[in-house]
Structures are given as structure tokens and as C-alpha cells.
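A.B. asks: output the structure for:
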Amino acid sequence: MIKKILIMLISLNVCLFAEGGSNYSAFGIGDIESVQGAAYMGLGGASVAVPSQYHINMTNPAMWSHLSLTRIQLGYKFQQSYVTSSSNNIFQNNGSIDGINALFMIDTSRGISLGFGLNNYTNVSYSIASGFSKIIDNLPVSGKLENVGTGGMKKIYIGASYKPFSFLSFGINHNVYLGTIQRDATTLSNESYAHDSFTGRKYAFSGSNQRLGLNLHFGDLMLGGFYETSAKIENRSSLIYISYYNLISSNSTIVDTSFNSTNYFEIPSTIGFGASYLIDKFRIAADFTSQDFSNFNFNKGDNNKFQALNTFSFGIERLGNTSAGADVLDKWTYRFGLGYKDLYLNIDNKPINEMYLSLGLSAPFGKTSIFDYAIVFGSRGQVSSPLVQEYFTRMYFNVSIGEQWFVPFKREFGD
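C.D. replies: From the prediction side, this is the model:
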């Protein structure tokens, strides 16, 4: 069954619907999706040193060595936002496939695995409208500005893990970045003597980098870390500017500008550390990750600059009872988490931060499969012109299905 599902899903990664997400995704390369998977989002994003028999860990590939079955994992994410400013409020929402991943456990005793998949790296989803009123050449001009952005960058990866000793494992990913971002701006005027206009910018990206992971295991204590190299991204952009005007009661269109260009920018390297500790059936986990965008120069405006993206995550999970005779609800795993982010945006010398709280659960079904759900409540930004405050609810859904493809055999570890 897992082979049929994998073939069916490997080409599926589409946005199911999008009606606006975070207004802050209008800057830079959009919102960065640093953690994938409902199980880890239920822990506030803590994942660098969190082992699991059910989940493919996209933060630290060294954790793959803790799995014993070949698995495929499919995720979905939905976000509802309430955006408020000094003059207006609006609800926005969007949803999309949140990763398709596969992991083949080749040798469980040595923790040898091979993984590949497709995940979201950034998400751009905003819809902003504002009115304007100006005096131009002694004439009053008023109307509406509409800005809409969609798209994002995807990360395709292939990687492997290896456990040379019972207390030590390594992992590595090779990542390929692909994707497009569309940013459109429309000016609609109320006066007949003023022209309407449309500016459309499309960016197409490609590039690659590597992520190295490490895991140390000392009884109930897990330590983990990863380092992801910087990525040089090729940006192929196109721009079209259209001006509309009314001539003798008939609509006419002028295409003023249309051109293509190619340039490059660099996504900075990332480093992360984490630890987890198991006390009876409770696991406590904490992470810190950092990515310095101070020298980032893509989509940089006069009133915005970039800074380090720092993330602090903390979570607690109560592990489910694996006994065959346990009650259904006792078999479930329950999670709670907290997180704080210094986003990589600084607008009008105001740093943009995010705080959130998460709840999650995992419900096993069949012999080797599991359903995961997490809900995250949080806020970002502030009500201070030109900034807005965003209150968001994010829901994550995952299904992970496992099968034994390779027969394990006993092997002694070296000293």
C-alpha cells in the first residue's frame, strides 16, 4: 500500500486555497517555514533532539536513525488571521499541502536510512488594500491601492542518516530550492482625468545547499544540533507595467514597460541546538535556532531592513501507552508548547516579533500508522503605523504510514 500512496502523492504539492495570509509576507522572501510536521509544532516547534518512531524529522536528519520502519508522511496546514491596524480590521485565511516526505530504513541496527521529499520553505500570501488622496498638478486625485502576493519557495531534499555507535548518529540533506513569487500592485483612481495602473512582478528561484545533523543519546537525555550552509539563489524576474486610460468613452490600454532580468542573492546559513529529556512517560524539549539575515538584499525597501531570525521553542509531551490492552485515549500522545521568534524583518526601525502557544495530539491507527494534529495560537507585529498586529490560528494535520521493507538483522556496535 505504501508504494501506491507514494507514487500518487509525489507530484502533489498545490495550494488548495488562498485568500490572504500574513501581511508581513510582503517583505523579503515571505514567511519562512522553519519546522515541518504537526507532531513538532505541537511542541512549540521543538524538534532538534526529539526522537520518534512515527515521524520524519525535517529539522535534524540525524534523528532519522531512531525510526525502524519505512514511512511516508503527508501534511496539511491551514491559517486564519485577524489583522488589525489603527484604522481597519480584516480576517484572512489560506491553506496548503505542508510537505510530502518518504524515509526508507535500510539497516535499523546501524540507523542507515535514505530520505527524500518536498516541503514548503517560504510562503507568500497577502492581500492589502488602502485608500489615497493627493494633490497632483493642482488637481485632487483619490482612489485605492491594492497589493496582492502569492507563491513561495519549495525545498526538495534527498538525505541519509547513519549511527556508528549506539549513542551517536549523523545525518545529511542536499536541498534544492525552487518556486515562484507573484507580487501585483494595482492603482484605481476615482477621477476620470487620472490613469489606473497595474504593476506585476514575478520571481522564479533556483539554488541549493546542505544540512548536517548530529544526535547524542545518553540514556533518557537527547542532545542534537544542525548546521545548514548558505544557499546562492538565482532569481529570474519579470516586470510588466500597464497604464489604463479613457479615450472618447472607450477603454484603452498602454503597456509602458516590460522586461526580464536575472540576478542572485544568498539565503544565509542556519544553526540550531536542542535537548530533550524523558521522565517516565513525559518528554521535555527545548530548541534554539538562528539565521542571520542582516546582509540580505532581496526585496529590500527604503523603510525595511533585515535582521537575525532567532527562534526559541519549548515543549512537553505525554507519550501514549503502547500496550495492546490500553484504553484508546491512553494510547494517544498529548503535547503542549511555547515559542518566540525574532522575525527577520525590521520595518521603520521596529523589529517584528512573534509569540505563540501550541497544543497537539497523536492518535495511532492500524499497527504502524499515526494521525497528528496541532493548533497554534499567536500574534506578531504591533499596531503602530505603518505596522499591523496579526492574531493567528494555525492548524496542522499529518498522516504517517509505516511498513517494513528491509529485514533487520542483529549487529554489534563498535566501542
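A.B. asks: hmm, Leu343 is touching Asn310, no?
C.D. replies: No - the pair Leu343 / Asn310 is not scored as a contact, 9.1 Å apart, by Cβ atoms under 8 Å. C-beta: built from backbone N, CA, C; applies to glycine.
A.B. asks: higher neighbour count, those two?
C.D. replies: Neighbour count, other Cβ atoms under 10 Å: between Leu343 and Asn310, Leu343 has more, with 24 against 16.
A.B. asks: does that one belong to a helix, a strand or coil?
C.D. replies: strand (DSSP: H, G, I helix; E, B strand; the rest coil).
A.B. asks: ok, and the closest non-adjacent residue to it?
C.D. replies: Using Cβ to Cβ, 6 or more residues apart in numbering and skipping the chain neighbours, the partner closest in space to Leu343 is Ile352 (4.4 Å).
A.B. asks: got a list of what that neighbour touches?
C.D. replies: Counting by Cβ atoms under 8 Å, 6 or more residues apart in numbering, Ile352 touches 24, 343, 345-346, 380-381, 387.
A.B. asks: of these, which is the nearest to Arg394?
C.D. replies: Using Cβ to Cβ, Arg380 is the member of the contacts of Ile352 that lies nearest Arg394, at 11.6 Å.
A.B. asks: where exactly do the strands run in the stretch 1-150 of the chain?
C.D. replies: Here the stretch 1-150 of the chain has its strands, by DSSP state E, counting those that start in this stretch, at 17-18, 31-32, 70-84, 89-107, 112-120, 122-136, 139-165.
A.B. asks: by contact count, what packs against the second one?
C.D. replies: Going back to what we said before, that points to strand 31-32. Applying 3 or more Cβ pairs under 8 Å, 6 or more residues apart in numbering; DSSP states H and E, we find strand 31-32 packed against strand 122-136.
A.B. asks: tell me how many other residues crowd Thr229.
C.D. replies: Residues lying near Thr229 (other Cβ under 10 Å) number 15.
A.B. asks: distance check, it against Ser208.
C.D. replies: Separation of Thr229 from Ser208 (Cβ to Cβ, to the nearest Å) stands at 9 Å.
A.B. asks: run through the strands of the stretch 201-350 of the chain in chain order.
C.D. replies: Here the stretch 201-350 of the chain has its strands, by DSSP E, counting those that start in this stretch, at 221-228, 231-247, 250-267, 270-279, 282-292, 304-306, 308-318, 333-347, 350-365.
A.B. asks: looking at those strands, which is closest to Tyr54?
C.D. replies: Relative to Tyr54, the nearest member of those by Cβ to Cβ is strand 350-365, separated by 7.0 Å.
A.B. asks: any buried residues in that closest one, and which?
C.D. replies: 352, 354, 356, 358-362, 364 (16 or more other Cβ atoms under 10 Å).
A.B. asks: could you export those residues as JSON lines, including distance to Arg110 and pLDDT?
C.D. replies: Formatted as JSON lines, the buried residues of strand 350-365 follow (distance: Cβ to Cβ, whole Å; pLDDT from 0 to 100):
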{"residue": "Ile352", "distance to Arg110": "44", "pLDDT": "93"}
{"residue": "Glu354", "distance to Arg110": "40", "pLDDT": "96"}
{"residue": "Tyr356", "distance to Arg110": "38", "pLDDT": "98"}
{"residue": "Ser358", "distance to Arg110": "34", "pLDDT": "98"}
{"residue": "Leu359", "distance to Arg110": "36", "pLDDT": "98"}
{"residue": "Gly360", "distance to Arg110": "31", "pLDDT": "97"}
{"residue": "Leu361", "distance to Arg110": "32", "pLDDT": "97"}
{"residue": "Ser362", "distance to Arg110": "27", "pLDDT": "97"}
{"residue": "Pro364", "distance to Arg110": "26", "pLDDT": "93"}
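A.B. asks: out of those residues, who's nearest Tyr396?
C.D. replies: Gly360 (7.8 Å).
A.B. asks: need the nearest residue in space to the closest one, chain neighbours excluded.
C.D. replies: Of all residues not flanking Gly360 in the chain, Gly42 sits nearest, at 1.9 Å (Cβ to Cβ, 6+ apart).
A.B. asks: burial of that neighbour, as a residue count?
C.D. replies: Gly42, neighbours per other Cβ under 10 Å, totals 29.
A.B. asks: let's number from 804 now, not from 1
C.D. replies: Sure thing, new numbering starts at 804, so read that last one as Gly845.
A.B. asks: that one is in contact with Gly1142, isn't it?
C.D. replies: No - using Cβ under 8 Å, Gly845 makes no contact with Gly1142, being 11.2 Å away.
A.B. asks: shared neighbours of those two, anything?
C.D. replies: Listed as contacting both Gly845 and Gly1142 by Cβ under 8 Å, 6+ apart are Ser1161.
A.B. asks: count the neighbours of Thr1196 for me.
C.D. replies: 15.
A.B. asks: host element of it?
C.D. replies: Take DSSP states H and E as the rule and Thr1196 turns out to sit in strand 1190-1206.
A.B. asks: so what does that strand touch, helix or strand wise?
C.D. replies: helix 805-812, helix 841-844, strand 873-887, strand 892-910, strand 1153-1168, strand 1172-1187.
A.B. asks: repeat that for 7 Å
C.D. replies: Packing contacts for strand 1190-1206, counted by 3 or more Cβ pairs under 7 Å, 6 or more residues apart in numbering; DSSP states H and E, involve helix 805-812, helix 841-844, strand 873-887, strand 1172-1187.
A.B. asks: and the ones you listed: which comes nearest Asn922?
C.D. replies: Per Cβ to Cβ, nearest to Asn922 of those: strand 873-887, 8.5 Å.
A.B. asks: same for that closest one, what does it pack against?
C.D. replies: Where contact means 3+ Cβ pairs under 7 Å, 6+ apart, strand 873-887 is packed against helix 805-812, strand 892-910, strand 1190-1206.
A.B. asks: for Leu1081, which of those is the nearest?
C.D. replies: Among the helices and strands packed on strand 873-887, the nearest to Leu1081 by Cβ to Cβ is strand 1190-1206 (20.7 Å).
A.B. asks: sheet partners, orientation included, of that closest one?
C.D. replies: Note on strand 1190-1206: by DSSP bridges, its sheet partners are strand 873-887 (antiparallel), strand 1172-1187 (antiparallel).
A.B. asks: just put those strands in TSV and tack on mean neighbour count.
C.D. replies: Rendered in TSV, the data for these read as follows (neighbours: other Cβ atoms under 10 Å):
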stretch	mean neighbour count
strand 873-887	21
strand 1172-1187	19
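A.B. asks: which one of those lies closest to Ile959?
C.D. replies: Of the strands paired with strand 1190-1206, nearest to Ile959 by Cβ to Cβ is strand 873-887, at 15.1 Å.
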